[in-house]
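Enquirer: Using only what follows, build the 3D model:
(one chain, ligands or ions: 1)
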Amino acid sequence: MVVVAFVHPDLGIGGAERLVVDAALALRRKGHRVHLFTAHHDPTHCFPETTDGQLEVTCVENWLPRSTCDRLMALWAYLRMVYVALYLVVTSGLAFDVVFVDQVSACIPILRLRRQAKVLFYCHFPDQLLTQRRTLLKRLYRYFLDTLEECTTGQADCVLVNSHFTASVYRDTFASIGAAPSVLYPSLDFDKFDKYSSLSLPDVGLDINSNCMFLSLNRFERKKNLNLALESFSLLVNRVGEQLAATLHLMLAGGYDQHLQENVEHYTELVNSAKSLGIVDKVTFLKSPEDRVKVALLRAAKCLLYTPDKEHFGIVPVEAMYMSTPVIAVNSGGPRETVVSGETGILTHQTQEAFADAMETFVMGTSDRAAMGTAAHHRVVNNFSFVKFSEHLNYIVQGLMDERKQK
Ligand SMILES: *[C@@H]1O[C@H](CO)[C@@H](O)[C@H](O)[C@H]1NC(C)=O
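Expert: Below you'll find the predicted structure:
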């Protein structure tokens, strides 16, 4: 048995948190002892596994602010993680063998104080590429944080990333770090999908009069490039002739938070865009669908349209493929590793013509949806299962323990 501590900034609900919770569950089921340490854990906004007794969680209370006058958020986030790491090393009394850190590498030097322990860092994406630096002062501030990120990331015993795409970005960003990261793909909880797999659209209250629905499932953010779905769909409608066009529908569903200005603005932009393209009667917008609705949509769709460019990993295509729905995605980033073009979907250019061409093959039947769907489902079962994920992570942890013994 290995004792694994996890250090994570905010155990809320998001892609990074899902991965951390999955990693903890995986190691626990492999017979290890796991304990999560975090600076923020709100029982009303978190994954159920962190409150229902499956995972041990310690929220390290601290008086550190979130920001100074709405600024220096990253710095304070770093300091909060340092604080959590100090708590783990000095106060908690937990004799951990391995510590799993993600998002903020700045706490690694503190964790290194435990000389016996091995540090595993999961890099979802280099933090410095996710921030803007418009003013000179901001550039200076970020220079300091970026340098800190690179130095401390390099101190981990093992770095994991979510795709080969992220691995290549990592190598370009952290040029001074010699060791290449390993890829540990996120996985899918099949049970969550199987539970709802018999639901049809009317079952979940959606009345869509179309046997050819294209689905886009993404947060309403500009970087997700949702306009591409609208534009290519409009092009398709104009191409196929009236009779076929009458059967087509586009569903734009995705996470929407009314407190986020970008979500609100972008949603309106997209609705206006649908109006000006003259396709409002063929497009449905759906804010934050529940899981059961999501599953029913994924199953009912002719194809998933996945429009972001250079997505780090992209779990939605994997979800669609599990539901035996082929994926049309931009040929860049994570989808290049999850979707096999011509077999489980089509990878293509990020243009409306290219997307419309790909969609047309499904409308005309030149792409065999059923065969692709079957291949897609098998690919996910073989490559992106929780079992596969658990085995891979366990292998990595055992490798770290072996290294320790050899010292
Ligand atoms: C998928 O699984 C097969 C067989 O196990 C393996 O050869 C292949 O490399 C895997 N692909 C990915 C992207 O994990």
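
Enquirer: Next, the contact list for residue 187, please.
Expert: Residue 187 sits next to 22, 384-386, 388-389 when contact means CB atoms under 8 Å, 6 or more residues apart in numbering. To be clear about C-beta, it is placed using only N, CA and C from the backbone, and glycine gets the same treatment.

Enquirer: Export the residues you listed as JSON lines, with columns for pLDDT, distance to residue 233 and neighbour count.
Expert: Shown next, in JSON lines, are those (pLDDT from 0 to 100; distance: CB to CB, whole Å; neighbours: other CB atoms under 10 Å):
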{"residue": "22", "pLDDT": "97", "distance to residue 233": "34", "neighbour count": "20"}
{"residue": "384", "pLDDT": "97", "distance to residue 233": "28", "neighbour count": "20"}
{"residue": "385", "pLDDT": "97", "distance to residue 233": "32", "neighbour count": "16"}
{"residue": "386", "pLDDT": "97", "distance to residue 233": "34", "neighbour count": "17"}
{"residue": "388", "pLDDT": "97", "distance to residue 233": "35", "neighbour count": "14"}
{"residue": "389", "pLDDT": "98", "distance to residue 233": "34", "neighbour count": "21"}
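
Enquirer: For residue 162, see how far away the residue in the chain that the ligand sits nearest to is.
Expert: For the chain and the ligand, the shortest gap (CB to the nearest ligand atom) falls at residue 383, measuring 3.8 Å. Taking CB to CB, to the nearest Å as the measure, residue 383 and residue 162 are separated by 14 Å.

Enquirer: give me phi/psi at residue 39?
Expert: phi -90, psi -10 (degrees, to the nearest 10).

Enquirer: Pull the number of nearby residues for the residue nearest to it when sequence neighbours are not counted.
Expert: Counting by CB to CB, 6 or more residues apart in numbering, residue 39 lies nearest to residue 80, which is 4.2 Å off, once chain neighbours are set aside. Residues near residue 80, counting by other CB atoms under 10 Å, number 23.

Enquirer: Could you pull up phi and psi at residue 80?
Expert: Torsion angles, degrees, to the nearest 10, at residue 80: phi -60, psi -40.

Enquirer: what residues are up against it?
Expert: Shown in contact with residue 80 (CB under 8 Å, 6+ apart): 9, 39, 62, 64.

Enquirer: what secondary structure does residue 119 sit in?
Expert: The three-state label for residue 119, taken from DSSP: H, G, I helix; E, B strand; the rest coil, comes out as strand.

Enquirer: can you pull the pLDDT of it?
Expert: Per-residue pLDDT puts residue 119 at 97.

Enquirer: State the pLDDT value of residue 141.
Expert: 86.

Enquirer: ugh, wrong one, I meant residue 74
Expert: 81.

Enquirer: just residue 407 next, same as before
Expert: 67.

Enquirer: List, one by one, the residues from this protein near the ligand.
Expert: Within reach of the ligand by CB under 6 Å from any ligand atom, the chain has these residues: 337, 382-383.

Enquirer: neighbour-wise, which of those leads?
Expert: Counting by other CB under 10 Å, residue 337 has the largest number of neighbours within the residues of the chain next to the ligand, with 17 neighbours.

Enquirer: Now for that residue: which residues touch it?
Expert: 163-165, 185.

Enquirer: can you put the residues you listed in CSV and add neighbour count, secondary structure and pLDDT?
Expert: CSV is the format used below for the contacts of residue 337 (neighbours: other CB atoms under 10 Å; DSSP: H, G, I helix; E, B strand; the rest coil; pLDDT from 0 to 100):
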residue, neighbour count, secondary structure, pLDDT
163, 23, coil, 97
164, 15, helix, 98
165, 22, helix, 97
185, 22, coil, 98
